[in-house]
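Colleague: with the input below, show me the fold.
(chains A and B)
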Amino acid sequence: EAQVTQNPRYLITVTGKKLTVTCSQNMNHEYMSWYRQDPGLGLRQIYYSMNVEVTDKGDVPEGYKVSRKEKRNFPLILESPSPNQTSLYFCASSFLGSNQPQHFGDGTRLSIL
Amino acid sequence: AQKITQTQPGMFVQEKEAVTLDCTYDTSDPSYGLFWYKQPSSGEMIFLIYQGSYDQQNATEGRYSLNFQKARKSANLVISASQLGDSAMYFCAMREATAAGTASKLTFGTGTRLQVTL
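Modeller: Numbers count the residues shown, from 1 in each chain, chains lettered A, B, ... in the order given. I've put the predicted structure just below:
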C-alpha cells in the first residue's frame, strides 16, 4: 500500500530533550516536506527536500533540522525542543511538478512541556 | 501577502444539500496547481481534488467539483449532496511551478470547518 509513515504518532517530552520524528514513504517520490499545523494558521512548511542530499528551508525552519540521506526517509530533528514547538506535525511527499498532490502521513502530535 | 485566502472560518449545511467553500489565491506565475484537502476530526489530510491553471474544464471527483474562475483567481470547492461524514476541516492549497520546471511548496489557506447537520 502506498503510504507516508510517521513515527511517533504522539509524544510528550520536556524542554531541551532532543527528539527525532521519522518519516518514510514507499512511492519513490522525489519531493518530501515537513509542515506544522497550529490553530488558525493552517499548515506551514518547515523544511522540504527535492532530492537526496538536497534540503531547503520553508517558512518556519527555526529550531528544526532535517536530513535526506535516502530517497524514502526524511526525519525531522528538534535539537533542543521548546514549548512553542508544541504542535501537530505532518510529513508529506510527492513527485515533482505543480500538478502533483502531496500525500500526507497521519501526523505527529508533539507536546513540549 | 496571503497567497491563499479562505474567508469562511466555519460553515453549516444540511444533509443532502450542496455547499460551496470559497478559496481565492494570489500568484503571478502562469503555471500552478490548486488542491483541496479534507481533514476529519481524526486528523489525517486527505487529498480531494486538483485543478491545473491551464485546465479548460472545471475538475470533478465524485461529489466534489471545483468552480475555477481564473480571472477572479478563485477556486471554490462545491460539495453536492452533503453527508454527515463530510463534516471536517477543508483546506485550499496552491503549488506554483519554479523556473527549473519543478514545483514549489504547497501553500495552504487557514481552512474552513464544515458541519453537516440533519
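
Colleague: every contact and neighbour count from this point should use C-alpha atoms.
Modeller: Noted.

Colleague: spell out which residues of chain A are next to chain B.
Modeller: With C-alpha under 8 Å from any C-alpha of the partner chain as the criterion, chain A comes near chain B at residues A:40-45, A:48, A:96-107.

Colleague: could you list the single helix or strand in chain B with the lowest mean pLDDT?
Modeller: Scoring the helices and strands of chain B by mean pLDDT, DSSP states H and E places strand B:103-108 at the bottom, with a mean of 78.

Colleague: what pairs with whatever helix or strand comes next after it, parallel or antiparallel?
Modeller: Using DSSP states H and E, the helix or strand that directly follows strand B:103-108 along the chain is strand B:112-117. Paired strands of strand B:112-117, with direction, are strand B:10-14 (parallel), strand B:88-97 (antiparallel) (DSSP bridges).

Colleague: ends of stretch A:53-64, what's the gap?
Modeller: End-to-end distance of stretch A:53-64 (C-alpha to C-alpha, to the nearest Å): 17 Å.

Colleague: ugh, typo on my part, it should be stretch A:73-83
Modeller: Start-to-end span of stretch A:73-83 (C-alpha to C-alpha) is 26 Å.

Colleague: what average pLDDT does that stretch get?
Modeller: Averaged over stretch A:73-83, pLDDT sits at 97.

Colleague: grab the nearest non-local neighbour of the closest residue to chain A within chain B.
Modeller: As assessed by C-alpha to the nearest C-alpha, chain A sits closest to residue B:110 within chain B, at 4.1 Å. In space, and not counting its chain neighbours, residue B:110 is closest to residue A:42: 4.1 Å by C-alpha to C-alpha, 6 or more residues apart in numbering or on different chains.

Colleague: how about residue B:7?
Modeller: residue B:22 (6.9 Å).

Colleague: thought the one you found was touching residue B:11?
Modeller: No: assessed by C-alpha atoms under 8 Å, residue B:22 is found out of contact with residue B:11, at 10.5 Å.
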